[in-house]
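Participant: below is the sequence, then the predicted model.
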Amino acid sequence: MKCFFTGLTDPGLVRAVNQDAYYIDPEGRFFIVADGMGGHAGGQEASRIATEAIQTYLEEHWDSTEPSKDMLETALLKANQAILHDQNSHPERSDMGTTAVVVIFRDSQPWHAHIGDSRLYRLRGSKLEQITEDHTWVARAMKMGDLTADQARNHPWRHILSKCLGREDLRQVDASSFEVQPNDRLLLCSDGLTEELSDHLIASQLKSIRACDKAALALVNAAKDKGGRDNITVVIVAIDGGQTE
């Protein structure tokens, strides 16, 4: 499955340090976005450690007989263990953690897994669909019918995560397969993008700008124009539709 891809990260306009991280496999096999937390040094380290641990595990097991679902789930659990090990070695970073969203293309089948509120979207035609479900207090409240989408968007507890990497009680990660078609676009992003831009604005940028690198820059700049209160990271994957990117 041929695709075009790019990634971009920006500290935004308020934060002095960029605690986001991303990785794009040069062959387009897998894509990672992580958003760290826990102080300047802690957040940076957590997202870096997670990204590197996931990358290493996927690379080492890519050609194995391990099922894709198991491989992806184990990669995130290995990242969790790597962060816990660093916490034990550096008590000053004991409260660090990170979100993560990962997409892999293996045996022509895409899979995704995530922890926290970094998201995966799929744009098909004019429809933007959020594939992941945020692991946050407000997402759960919305699912229970206790909050509307408008209430959740500005709720003071919207940043409280129910899951993240870097926690002793993380025992399970769920990976799922999903479908893509020619001309689909995938967007992996940290909440620095979604905090500033509505799904409608994100879809508008992805639809109107075909080149992945230009679309990524436009999304980051749009989030900064809206305030840029957090670090902003985007990875765009365009599924080949037979036209030149």
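Facilitator: Sure thing, it's come through.
Participant: now do the strands in this structure.
Facilitator: With DSSP state E as the criterion, the chain has strands at 3-10, 20-24, 30-37, 97-106, 109-115, 119-124, 127-130, 175-177, 185-189, 232-239.
Participant: separation between Arg93 and Gln87?
Facilitator: 6 Å (Cβ to Cβ, to the nearest Å). Glycine gets a C-beta too; all of them are placed from N, C-alpha and C.
Participant: do the same with Ser126
Facilitator: In terms of Cβ to Cβ, Ser126 sits 44 Å off from Gln87.
Participant: between those two, point out the one with more neighbours.
Facilitator: Gln87 (23 against 9; other Cβ atoms under 10 Å).
Participant: follow-up on the earlier one: and the strands of the chain as JSON lines, adding mean pLDDT, mean neighbour count and distance to Gly43?
Facilitator: As requested, the strands of the chain are arranged in JSON lines below (pLDDT from 0 to 100; neighbours: other Cβ atoms under 10 Å; distance: least, Cβ to Cβ, whole Å):
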{"stretch": "strand 3-10", "mean pLDDT": "97", "mean neighbour count": "20", "distance to Gly43": "13"}
{"stretch": "strand 20-24", "mean pLDDT": "98", "mean neighbour count": "23", "distance to Gly43": "9"}
{"stretch": "strand 30-37", "mean pLDDT": "97", "mean neighbour count": "28", "distance to Gly43": "3"}
{"stretch": "strand 97-106", "mean pLDDT": "98", "mean neighbour count": "26", "distance to Gly43": "7"}
{"stretch": "strand 109-115", "mean pLDDT": "97", "mean neighbour count": "23", "distance to Gly43": "15"}
{"stretch": "strand 119-124", "mean pLDDT": "98", "mean neighbour count": "21", "distance to Gly43": "18"}
{"stretch": "strand 127-130", "mean pLDDT": "97", "mean neighbour count": "14", "distance to Gly43": "24"}
{"stretch": "strand 175-177", "mean pLDDT": "98", "mean neighbour count": "15", "distance to Gly43": "25"}
{"stretch": "strand 185-189", "mean pLDDT": "98", "mean neighbour count": "26", "distance to Gly43": "17"}
{"stretch": "strand 232-239", "mean pLDDT": "98", "mean neighbour count": "26", "distance to Gly43": "13"}
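Participant: distance to Ile202 for those strands - can I get that in CSV?
Facilitator: Shown next, in CSV, are the strands of the chain (distance: least, Cβ to Cβ, whole Å):
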stretch, distance to Ile202
strand 3-10, 14
strand 20-24, 17
strand 30-37, 14
strand 97-106, 15
strand 109-115, 17
strand 119-124, 7
strand 127-130, 6
strand 175-177, 22
strand 185-189, 7
strand 232-239, 9
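Participant: of all these, which lies closest to Leu161?
Facilitator: Proximity to Leu161, assessed across those by Cβ to Cβ, is greatest for strand 97-106 (7.1 Å).
Participant: that closest one - contacts with which helices or strands?
Facilitator: strand 30-37, helix 40-61, helix 68-89, strand 109-115, strand 119-124, strand 185-189 (3 or more Cβ pairs under 8 Å, 6 or more residues apart in numbering; DSSP states H and E).
Participant: want to try CSV for these, with distance to Gly228 as columns?
Facilitator: Shown next, in CSV, are those (distance: least, Cβ to Cβ, whole Å):
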stretch, distance to Gly228
strand 30-37, 15
helix 40-61, 17
helix 68-89, 27
strand 109-115, 23
strand 119-124, 18
strand 185-189, 14
